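Visitor: please work out how this folds:
(one chain, ligands or ions: 1)
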Amino acid sequence: MNALAEAFEKLPGIGKGVYAPADFEAVRKIVHQTAGIVLVPGKAMLVYSRLAPLVRNTGCGTFAAYVKRIEADDSERRRAICALTTNHTFFFREDHHFDHLGTEVRPGLLKRASAGEQVRIWSAGCSSGEETWSIIMTMLGSDRAAAARLGGLDFLLLATDIADHALETAEAARYRVDSLNAVPSELRRAWMRERDGHATIADEARALVRFKSLNLLGDWPMARPFDVIFCRNVMIYFDQPTKDRLVHRFAQQLAPGGHLYIGHSERVTGPAAQMLTAVGPTIYRKVAA
Ligand SMILES: C[S@@+](CC[C@H](N)C(=O)[O-])C[C@H]1O[C@@H](n2cnc3c(N)ncnc32)[C@H](O)[C@@H]1O
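Guide: Just a heads-up that it's a prediction; the model follows:
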């Protein structure tokens, strides 16, 4: 018995007429081709539980009918892919990245912005925004007057994700206070307004961020290079050729001397390895052209 048949044997009480191995295979292929995400046979139950509400809501009745629907209907395919993303994230995740950004990168970027130069940061695969706001708070520091200064300069953070529901949360910038334990207290005081068990990011910080829906496998409309790119815990869902291509595109999109931060279990491999030097654990600097 192959791994997929075995995974289906373990699915509790789901009729093959409703959800069969061929349906999983079809979803797996669509998600891989569209978003790069690899679904192994062990994810058969996850695919069922995430897509079953969509199968019901569309009136499709069976996964086979739903597969036909997403093959033909772009917006339903998009909904299905969003439902299959993993959006787990938290504030100041892998905090050594923020220590490095704050001490090694921030001073130079603020100096350049103050001199009238453009400074751009990209949080790629930002999920519900905890990473984005951790970057912004790190860049602002705890001095509230700094935000006013930065707001008047050519400084912007672009935050993108493929999952619209995650982007909505990111843009709303409102989080439960029990998710804020890792936020340094001086940054929390400076940039978060707390009320009724929730904290909202201050408007001055929000003004520095643009959120956009973007599939990393598709075209990137950004013409200008970035000084800093965070793409963490996104490539873990991709296969090796996709990771190599993506990290190469990031390297091309970085300004000379710019920094790339990736997740703790991710590596720079393929052609990008010639363009990036490791300057810390999962922190890379683009070599000058
Ligand atoms: C586990 S979260 C990581 C969030 C954050 N970067 C962190 O490290 O905490 C992975 C995010 O990658 C996004 N993602 C997956 N495939 C994507 C793709 N092809 N294009 C853009 N975003 C994608 C998912 O929607 C999800 O929000």
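Visitor: up against the ligand, what does the stretch 1-150 of the chain have?
Guide: 35, 36, 37, 85, 86, 87, 88, 89, 93, 125, 127, 131 (Cβ under 6 Å from any ligand atom). From N, CA and C alone the C-beta is placed, and that goes for glycine too.
Visitor: 8 Å - rerun?
Guide: Proximity of the stretch 1-150 of the chain to the ligand, by Cβ under 8 Å from any ligand atom, involves residues 34-37, 82, 85-90, 93-94, 123-128, 130-131.
Visitor: select only the buried ones of these in ChimeraX?
Guide: Written as a ChimeraX command, the selection of buried residues from these, which uses 16 or more other Cβ atoms under 10 Å, is:
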select :34,35,36,37,82,85,87,89,90,93,94,123,124,125,126,127,128,130,131
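Visitor: show me where the chain has its strands.
Guide: For the chain, the strands defined by DSSP state E cover 119-124, 155-161, 174-176, 192-195, 198-201, 209-213, 226-231, 254-262, 276-280, 283-286.
Visitor: JSON lines for those, including mean pLDDT and distance to residue 104?
Guide: Shown next, in JSON lines, are these (pLDDT from 0 to 100; distance: least, Cβ to Cβ, whole Å):
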{"stretch": "strand 119-124", "mean pLDDT": "98", "distance to residue 104": "14"}
{"stretch": "strand 155-161", "mean pLDDT": "98", "distance to residue 104": "18"}
{"stretch": "strand 174-176", "mean pLDDT": "98", "distance to residue 104": "27"}
{"stretch": "strand 192-195", "mean pLDDT": "96", "distance to residue 104": "25"}
{"stretch": "strand 198-201", "mean pLDDT": "98", "distance to residue 104": "24"}
{"stretch": "strand 209-213", "mean pLDDT": "98", "distance to residue 104": "22"}
{"stretch": "strand 226-231", "mean pLDDT": "98", "distance to residue 104": "11"}
{"stretch": "strand 254-262", "mean pLDDT": "98", "distance to residue 104": "8"}
{"stretch": "strand 276-280", "mean pLDDT": "97", "distance to residue 104": "8"}
{"stretch": "strand 283-286", "mean pLDDT": "98", "distance to residue 104": "9"}
